[in-house]
Every structure is written in C-alpha cells, then in structure tokens.
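Trainee: Quick one, structure for this:
(chains A and B)
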Amino acid sequence: MGLYELAVLFDPRLPDEEVAELSDGVKDLLSGLGAEIVKEESWGTKRLAYPIQKLTEARYVFFTVKVDDGNPFPEVEKRLEQNDKVLRYMTVRLDQGRLRRRGEELEPAAVAAVPPVASVAPGSGSEPAAAEHKEAS
Amino acid sequence: MRGKPTRRKKKTFIKRRKVCRFCADKIATVDYKDTQTLHHFIVDRAKILPSRISGTCAKHQRIIQQAIKRARHIALLPYTAD
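Mentor: The predicted model follows:
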C-alpha cells in the first residue's frame, strides 16, 4: 500500500512513561496488523493552536509506517478514538512527492521499497486525498 | 509614488510578475508539520491566503491548502484567530 504517517496527540497531563507506554501500544498494534514502523518522532509537549477538550497543550507523537498488505488503520483509529488519553489523531498518506523531499530522513531501504506510483500527469499534481483518514474527535 | 498630486494623473498599474515560490525553488511538496512555511500562507485571521495574493501557482496552492488543513486538524495551525 505504501507509507503512511500517523499523528497522535496525547493528553499533556500524562507522565512521560505513560506516553511512552501508549506509543509502544500503538506501535505494537500497528506491527500486529502487518505494518512496519519506519520511524517514530516525538515532539514532546507542544502548545495547541486552539484548545481541544479545554486543554491548551498536547504531546505530539508521529509514526511513519509502511504497509504492504492489509489495512491496519480502521482498527488503529477505532482504538485511538476510544482512548480518552488521545486528544486527536490523523493518518496521512506520504505520497511520492513528499518522499522525495523527506527521503534523507527515512531509511533508504524503505524509500527504495516503495513502488513508484503512476507518474502524476503534469498540471494535475493533486494529492491522493482519498487515501487519507481524517477524524475529528 | 504618492507625491504631491499637482495634476490628476492617470492611475498607472505597475504589474509585478508574481512567481510561485515553490516552482522557483523546485519544491514538490509541503509537509503539514512545517508550520513555519505554512504560516506564510495564512493571513492574520488564520484564513488561507489566496493564490492571487501570494502568487502561488494552482498546483502548489492545492498542495499548500491540503497541508494547512492537515496542520489545522492536529492543532498546529488555528482555524480562526480567536
């Protein structure tokens, strides 16, 4: 299927260990559903641009995930939705163009392994928005 | 050009050729986490800056628009300015 990025905003009141624990839980769930974790990025506590559930901060964690077959996201998103410690999440497909720019950040093997998506016709250049899951909590 | 209006002059428009920043820099995509860049493309009211103002080409405007909307969803950018 390709490369995806999952952004998760955790409750800022949680201690570091619990955030790490929850992140590991997300990773385990993803890998259990056939996804490969390429990268994990934690931004720590960051100020929100607008309050979510009356909170002004959140802990940002990003997971870059490679999915070969199957679709782990319905299950993962269901779990995140049900988890009160998750303020918000978003799954986004990393398309070819974005890979090009972020290529050096990702493992070269992971980038090379991504099959080239049919070349985008000049002028169209639109993102495959269909592959994106957005959910407001 | 706003000197003393001694005589009523015909308004002359100086057309500056706007160049899409992203085309000029050959940037194919914009990351929604790159709020520094995205901040250039929202107005004070947090609205998305029209391409006719920023000069962004249609292709890149779509990319920016998508990135801004994603950034808004995860509260990296505001939907409105209070």
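
Trainee: Helices of chain A, residue ranges please.
Mentor: A:16-32, A:73-82, A:96-102, A:108-113 (DSSP state H).

Trainee: for residue A:50, what are its contacts?
Mentor: B:75, B:78-80 (C-beta atoms under 8 Å, 6 or more residues apart in numbering or on different chains). (Glycine included, C-beta is placed from N, CA and C.)

Trainee: ugh, wrong one, I meant residue A:57
Mentor: Residue A:57 touches A:12, A:45-48, counting by C-beta under 8 Å, 6+ apart.

Trainee: Any idea which helix or strand in chain B has the lowest mean pLDDT?
Mentor: helix B:21-24 (a mean of 88; mean pLDDT, DSSP states H and E).

Trainee: What residues sit buried inside that one?
Mentor: The neighbour-count check on helix B:21-24 (16 or more other C-beta atoms under 10 Å in any protein chain shown) flags B:21-22 as buried.

Trainee: Grab the CA positions of it and hand them over as PDB.
Mentor: C-alpha atoms of helix B:21-24 as PDB (Å, rounded to 0.1, in the frame of the first residue of the first chain):
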ATOM      1  CA  ARG B  21       7.800  30.300  -4.600                       C
ATOM      2  CA  PHE B  22       7.600  26.600  -4.800                       C
ATOM      3  CA  CYS B  23       8.100  26.500  -8.600                       C
ATOM      4  CA  ALA B  24      11.000  28.800  -8.300                       C
END
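
Trainee: need the next SSE after that helix, C-terminal direction.
Mentor: helix B:35-39 (DSSP states H and E).

Trainee: least reliable of the helices of chain A going by mean pLDDT?
Mentor: Mean pLDDT is lowest for helix A:108-113 among those, at a mean of 42.
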